[in-house]
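# attaching a predicted model along with its sequence, questions to come.
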Amino acid sequence: MKRYAAIAGTGAYLPETVLTNFDLEKMVDTSDEWIRQRTGIVERRIADADVATSDLSVHASRLAIKNAHIDPIDIEMILVATVTPDTVFPSTACYVQQGIGAKNASAMDISAACAGFLYGLDLANGLIISGQYNTILVVGGEVFNNIVDWEDRNTCVLFGDGAGAAIVQATEEPKGILASYIGSDGDYADINLLGIPAGGSRMPVTSDALDKNLNKIQMNGREVFKLGVRLMPEAAQRVLRKAEMSIDDIDLLIPHQANLRIIEAVGDRLGVPREKVYVNVDKYGNTSAATVIIALDEAIRQGHAKPGDLVLLVTFGAGLTWGSTLLRL
Ligand code: UT7
């Protein structure tokens with residue numbers, strides 16, 4: 001019998017503290033009007049100082065486990081996509097394992113920036129359809145507020161904290177992940193395009209690096225914008241071709257929630273009507289690896305994505321990395 005990897009349950013967790021555009025007006029030279037017009041973001045959530053990525057991820061994972069009606073001991077692997085791990089090592093996935101009591105799982109992190117969650121789904125899909133695993137927890141979680149330079153108006157208005165999780169499980173029904181594709185292009189692994197220069201083996205965190213804020217996000221927003229608008233439609237079309245489906249078959253498109261203008265451009269290039277394009281960037285900003293799974297969970301909870309619906313997820317991020325997943329819920 002052919003095996004498929006189904007999404008058995010999802011969960012999401014956003015910290016309670018809301019940081020509005022008006023709050024940001026008091027911190028940097030910006031305005032609510034500029035942020036709304038250029039990004040579509042109205043507010044974002046910020047984790048408390050003592051909260052780490054695994055804390056948000058554990059909350060989201062518990063909800064996914066509950067919604068999938070499974071026991072944590074049934075989970076065989078935990079994949080946590082993040083660029084804001086609790087520590088360089090041990091992995092955030094190990095802290096999540098401890099937090100949810102998934103004693104029988106192996107655990108590791110995925111570093112693929114904003115595309116990380118779909119990298120996780122792609123891996124889970126391969127491991128499940130090959131028969132090697134039956135139940136995998138895939139998480140996208142970030143606490144960005146520690147890596148944002150709160151004095152840099154070019155970046156600090158864009159990001160937020162949050163986590164989402166999915167239980168991916170083997171099934172013989174033809175549903176779940178129908179097609180998946182991930183890609184990357186290391187020619188764009190330029191720290192000034194999008195990245196954090198200090199804190200790795202190339203540049204340790206010295207007092208000089210700290211003075212220059214090199215342990216915080218650096219980004220060329222305009223270039224990243226153009227790449228996202230080009231790469232996401234290409235990735236989405238690729239999974240449609242793989243599954244031999246047309247864009248008209250799609251019930252819901254969930255693009256990476258980085259900027260409303262990018263989201264709308266991707267939808268327009270693909271020819272998806274606006275009412276089928278999911279948007280929550282206004283409420284949470286860009287939560288990096290967590291955006292698409294937070295959005296999928298919210299769409300399911302609010303009835304925008306129902307059992308049987310065809311959902312197309314698409315992301316891109318630093319690296320460059322990108323990915324797309326076609327799901328039958
Ligand atoms: O997950 C992927 C992560 N990153 C992204 O997806 C980011 C992609 N890029 C973007 O979303 C957009 O490029 C931005 C929102 C970052 C910027 O929008 P833009 O329309 O590309 O603006 P720009 O960078 O061309 O800047 C236009 C002006 C500049 O002023 P001058 O040089 O024209 O005088 C900026 O200094 O807007 C200024 N500016 C701001 N003004 C008020 C930049 N940030 C702000 C701000 N408030 N927060």
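On my side now, so go ahead. Numbering: from 1, shown residues only.
# and Ala64, how many neighbours?
28 (other Cβ atoms under 10 Å). C-beta coordinates here come from the backbone N, C-alpha and C atoms, glycine included.
# residues contacting it?
9-11, 137, 165-167, 297 (Cβ atoms under 8 Å, 6 or more residues apart in numbering).
# what average pLDDT does the helix or strand where it lies get?
According to DSSP states H and E, Ala64 maps onto helix 53-68. Averaging pLDDT along helix 53-68 yields 98.
# C-terminal to it, what's the next element?
strand 77-81.
# can you give the strand pairings for that next one, parallel or anti for each?
strand 106-110 (parallel), strand 135-142 (parallel) (DSSP bridges).
# quickly list what the closest residue in space to Leu158 that isn't next to it in sequence is bridged to.
Distances taken as Cβ to Cβ, 6 or more residues apart in numbering put Asn286 closest to Leu158, at 5.2 Å, once the chain neighbours are dropped. When bridges are called by DSSP bridges, Asn286 pairs up with Phe159.
# tell me which of the contacts of Ala64 fall in helices.
Asp297 (DSSP state H).
# and the contacts of Ala64, which two are the farthest apart?
Leu137 and Asp297 (13.6 Å; Cβ to Cβ).
# the more surrounded of the two?
Remark: of Leu137 and Asp297, Leu137 carries more neighbours, 34 against 25, as counted by other Cβ under 10 Å.
# got the contact list for the more buried one?
61, 64-65, 75, 77-79, 96, 100, 102, 105, 165-168.
# same deal with Met245?
So Met245 contacts 178, 310, 326 (Cβ under 8 Å, 6+ apart).
# which of the contacts of Ala64 tops the neighbour count?
That'd be Ala165 among the contacts of Ala64, by other Cβ under 10 Å, with 36 neighbours.
# relative to Gly141, how far out is that residue?
Computed with Cβ to Cβ, to the nearest Å, the distance linking Ala165 and Gly141 is 8 Å.
# and for the two, which residues touch both?
57, 60.
# show me what from the protein comes close to the ligand.
30, 34-35, 38-39, 114, 153-154, 157, 194, 219, 221-222, 224-225, 228, 258-259, 286, 317 (Cβ under 6 Å from any ligand atom).
# now, these that are in strands?
Judged by DSSP state E, the subset of those located in strands is 194, 219, 317.
# of the contacts of Met245 - the most surrounded one?
Leu326 (24 neighbours).
# nearest to the ligand: which residue in this protein?
Closest residue of the chain to the ligand, Cβ to the nearest ligand atom: Gly221 (2.8 Å).
# that residue against Asp152, yeah?
No - with contact defined as Cβ atoms under 8 Å, Gly221 does not count as touching Asp152 (10.7 Å).
# and the average pLDDT for the helix or strand Ala236 falls within is what?
In this assignment (DSSP H and E), Ala236 forms part of helix 221-242. Taken as a whole, helix 221-242 carries a mean pLDDT of 97.
# counting by contacts, list what whichever helix or strand comes after that helix packs against.
Using DSSP H and E, the helix or strand that follows helix 221-242 towards the C-terminus is strand 252-255. Identification of packing neighbours for strand 252-255 by 3 or more Cβ pairs under 8 Å, 6 or more residues apart in numbering; DSSP states H and E yields helix 260-270, helix 291-301, strand 310-317.
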